[in-house]
Each structure stands twice: as structure tokens, then as C-alpha cells.
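[1] quick one: sequence plus predicted model below, questions after.
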Amino acid sequence: MLFLVCTTIIENGNTQQANDSITNLDFNKKAQFRISPFFWYLGLKGEIIKPPKPSNLPEYDPPPSYDVDLSFNDISNSIKFFLMLSTQYEGENFLISASVTSLVLEGKAITPFELIIKGINYRFSYLTGEISGGYRIIKKEKINLDALVGVRMLHTKIEGSSNVLGTEFSGNRSVFWYDPLFGVQFKYKPIKKVEFSLYGDFGPIRSVDSYQVLAQGSYFFTKVFSMSLGYRDYFINSEKEEKETIYTGSIYGPYLRFGFEF
């Protein structure tokens, strides 16, 4: 009888401890480190500036710029490479974040029709990276507000090729620039497993204007794994200094992000 009583007490204690562990799961607890691969269903709306001149077609001068207005469906078959990754470290009141987006497009999607009929294709490479740090100026149970400063770096390159008479040309032009940025991030957590965030930044110092806006909703399946759906609009305006970029305009679209926390 005593054995049965002791066994019952131990089992009840273990059950209660397990229930308490489940109850105390805090999906809003700040992880020390989060790594988030994502896929951006992006589109392009802007201008390609100063494409290289085909050396084997001396009578042809490419236009100083040409418009592009392409959805993800338009460019999906022209994607040759992509890498999209972000990381974030959060302390009690400070945070550091970094992200990289790399994309290579090639073929008819980024080549105007009058160039296609001349047998000319362009390859467009886009690589941007950002790193920023900030301080949590509002910290409440359901609402956080962070102020950030950092730097954005951009490398763009355009290469051309021609299949006219089987002759290739290797014209290319590339540009690298950086832009200090100031940003703000707002987070709202209505319940433990759900988080909504809004982020915006801008680069007001250099002659090339840039800004981006992100809106995102996240669901935390466990303390380690989460999934997010969002929308990102990244804009570059280089009308003041055309030499400072190859592409001017917006890169925009929805994205799907997976978060792994440690």
C-alpha cells in the first residue's frame, strides 16, 4: 500500500512538472541568436543604366538607359543564382542584425526587345548587404520599439554577350557603393506565438538616395523554429549621380522566411 501511495505521488508530481513546463513555454523570450534564410518573390521596376557596348557591333550604340517593369513570374526563368539570409542577435536592450541578398539574372527578361533581335543578352548581378545595431527605446510585454544605425553596401554588375555570327563580346560595367542608414523597428505581440513587425530605414547622407520598408507577420511553432510572411520594398534613386549605380528604382515583393533560434 505504501508503495502504491508513493508511486502515485511521484507520478502526479512528474505530470504536474510536465504541465508546468508546457505552461511556462515563453515564445516571446528573446533568443540570443537567430538565423533566417528566406526566399524573396521579387520584382523590378526601374531603369538599367549605361549597359556595355558590344565591341563586335561598332555601328550599334546601346541606349543610355532602358526601363524594366518585371514581376517575379517574368524573371523566374532568368534566375541563375540567389542567396538570401539574415541574422540577428538580441540582448536585454541592444540588438545587432545583418542580412545579405544576392541575385543573378540572365536572358530575355532583362534585355529589351530591340536588343534581342540583334542577338544581345545581358547578365545582371545584384548583391547587397546590411549591418546595423540598435537600442530598444520602448520595451513592454507586447510592444517593442528599436532605433538602429548601420551601413548598407551594394554591388551591381551588368555584362553583355552577343551571338551575332557566333561572335562573343565581353563588355561589362560594375559599381560598388555604401550608404549609412538610420532605421526603426516596431514589434507587436498580441499572443505568445504570434508577432507582427514593421521596419523602415533610409540613407540620407550620400547623393544616392536609398530606403527600404518591411512588413512581416511571424508564427513561433516552438522556441527554436518560426516562419514568417512579409513584404519588402527596397528603393534606390540615383538620378543625382547616374555613375553611382547600374540599376535605379524599386526591388519589391513578398517573401517567406524561416527562423532558427539559439
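    Structure received. Small disclaimer: the values here were computed from a predicted structure and weren't measured.

[2] by mean pLDDT, point me to the weakest helix or strand of this protein.
    Every helix and strand in the chain was compared by mean pLDDT, DSSP states H and E; the lowest is helix 2-23, with a mean of 43.

[3] show me what Asn144 bridges to in the sheet.
    When assigned by DSSP bridges, Asn144 has beta-bridge partners Lys139, Lys187.

[4] that one reaches Gly134, doesn't it?
    No. Using C-beta atoms under 8 Å as the test, Asn144 is too far from Gly134 to be in contact (10.8 Å). Any C-beta I mention is one placed from the backbone N, CA and C, and that applies to glycine too.

[5] so what sits against both of the two?
    Gln185 (C-beta atoms under 8 Å, 6 or more residues apart in numbering).

[6] who touches Tyr126 in this structure?
    101-105, 154-156, 247, 251.

[7] what number of residues lie near Trp40?
    Around Trp40 there are 21 other residues, counting by other C-beta atoms under 10 Å.

[8] that one and Phe235: what is the separation?
    For Trp40, the distance to Phe235 (C-beta to C-beta, to the nearest Å) stands at 15 Å.

[9] same question, Asn77
    Counting by C-beta to C-beta - Asn77 and Phe235 are separated by 25 Å.

[10] ditto for Tyr199
    Taken as C-beta to C-beta, the span from Tyr199 to Phe235 is 14 Å.

[11] for the stretch 1-150 of the chain, what are the low-confidence residue spans?
    Scanning the stretch 1-150 of the chain for pLDDT under 70 picks out 1-31, 53-60, 62.

[12] helices of this structure, start to end?
    Assigned by DSSP state H, the chain shows helices spanning 2-23, 72-75, 113-116.

[13] Val175 is in contact with His155, isn't it?
    Yes. Assessed by C-beta under 8 Å, Val175 is found in contact with His155 at 7.3 Å.

[14] what are the ranges of the strands in this structure?
    33-40, 43-49, 65-70, 79-90, 94-106, 120-139, 143-162, 172-191, 194-203, 209-220, 225-237, 247-261 (DSSP state E).

[15] the fourth one vs strand 247-261, what angle?
    Relative orientation of strand 79-90 versus strand 247-261 (axes from the mean of the first three to the mean of the last three C-alpha atoms, to 10 degrees): 50 degrees.

[16] mind exporting strand 79-90 as CSV, just the C-alpha atoms?
    Coordinates of each C-alpha in strand 79-90 appear next as CSV, following Å, rounded to 0.1, in the frame of the first residue of the first chain:
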residue,chain,number,x,y,z
ILE,A,79,17.3,33.5,-62.2
LYS,A,80,20.8,31.8,-62.4
PHE,A,81,21.7,32.2,-58.7
PHE,A,82,20.2,33.6,-55.5
LEU,A,83,21.2,33.7,-51.8
MET,A,84,19.0,35.4,-49.2
LEU,A,85,20.0,35.2,-45.5
SER,A,86,19.5,37.3,-42.4
THR,A,87,20.8,37.1,-38.8
GLN,A,88,20.0,38.9,-35.6
TYR,A,89,21.4,38.9,-32.1
GLU,A,90,19.3,40.4,-29.3
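
[17] centre of the chain to that strand, how far?
    6 Å (C-alpha atoms, centre = their mean, to the nearest Å).

[18] one more: the last one?
    The gap between where strand 247-261 is centred and where its chain is centred comes out at 4 Å by C-alpha atoms, centre = their mean.

[19] could you give the average pLDDT over that strand?
    Per-region confidence: strand 247-261 scores 92 on mean pLDDT.

[20] partners of it in the sheet?
    Strand pairing for strand 247-261, determined by DSSP bridges: strand 33-40 (antiparallel), strand 43-49 (antiparallel), strand 225-237 (antiparallel).

[21] got it, and the third one?
    The strands beside strand 65-70 in its sheet (DSSP bridges) come out as strand 43-49 (antiparallel).

[22] what angle separates the strand it pairs with from strand 94-106?
    Interaxial angle of strand 43-49 relative to strand 94-106 (the same axes, to 10 degrees): 70 degrees.
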